[in-house]
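Asker: Build me a structure from this.
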Amino acid sequence: MSSVRNHSGRMSNLLSTLFGKIFVIRFRIKERLADRQFATGRNVTLTEVAEAIGVTRGTVSKMANQSDYNATIEIVDRLCRYFDCPVEQILEYVPDDKARRTGAG
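Answerer: Residues are numbered from 1 along each chain as shown. So this is what the prediction gives:
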C-alpha cells in the first residue's frame, strides 16, 4: 500500500479511514501538562513546553487541541523526553467504535 504524503513529507491525515474503519491517534498533551503542574506545584505553559522541545507554541497548541494534528516521530520523542514518560502516555489510540461515537477523526 502506498502512503499519501503532504507537502512537508509527513504522513497525511487524509487517510482518516482505512479499510472502512475510523482511527484516531490523539495527543495527550493536556493530561501531561496537568501531571507536570501537579508534580511541580506551578503552572506549566504551552510556551514553556514549546521552547523546551524546540517547536512553536502554535505547534504545541495544535497537538493539544486538534485531533487531526500530524507530528513527526522526532517531536513525539522530544515530548517523551520533556515529560519523562513513555510514548503511550503521549499518544492515545482511539478505537473505531469510540471514534465514531465521539465524532473524532
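Asker: would you list every one of the strands in the protein?
Answerer: Using DSSP state E, the strands of the chain run over 17-18, 21-22, 24-27, 91-94.
Asker: worst average pLDDT in those?
Answerer: For the strands of the chain, the stretch scoring lowest in mean pLDDT is strand 17-18; its value is a mean of 49.
Asker: ok, residue 71 touching residue 53?
Answerer: No: under the contact definition of C-beta atoms under 8 Å, residue 71 does not touch residue 53, with a separation of 10.4 Å. In this view, the C-beta of every residue, glycine as well, is placed from N, C-alpha and C.
Asker: lowest-confidence helix or strand of this protein?
Answerer: Ranking every helix and strand in the chain by mean pLDDT, DSSP states H and E puts strand 17-18 at the bottom, with a mean of 49.
Asker: got the contact list for the closest residue to residue 35 other than its chain neighbours?
Answerer: Nearest non-adjacent residue to residue 35, counting by C-beta to C-beta, 6 or more residues apart in numbering: residue 83, 7.5 Å away. Residue 83 is in contact with 32, 35, 36, 89, 90, counting by C-beta atoms under 8 Å, 6 or more residues apart in numbering.
Asker: Looking at the residues you listed, which two lie furthest apart in space?
Answerer: Pairwise distances across those peak at 12.4 Å for 36 and 90 (criterion: C-beta to C-beta).
Asker: what about those two, which has more around it?
Answerer: residue 90 (23 against 18; other C-beta atoms under 10 Å).
Asker: and that one, how far is that from residue 83?
Answerer: Using C-beta to C-beta, to the nearest Å, residue 90 is found at 7 Å from residue 83.
Asker: Show me the helices in the chain, by range?
Answerer: Counting by DSSP state H, the chain has helices at residues 29-40, 46-53, 57-65, 73-83, 96-102.
Asker: Tabulate the ones you listed (TSV), appending mean pLDDT.
Answerer: Output for those, formatted as TSV (pLDDT from 0 to 100):
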stretch	mean pLDDT
helix 29-40	96
helix 46-53	97
helix 57-65	95
helix 73-83	96
helix 96-102	56
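Asker: Same question for stretch 55-73: list its buried residues.
Answerer: Within stretch 55-73, the residues scored as buried using 16 or more other C-beta atoms under 10 Å are 55, 59, 60, 61, 62, 63, 64, 67, 69, 71.
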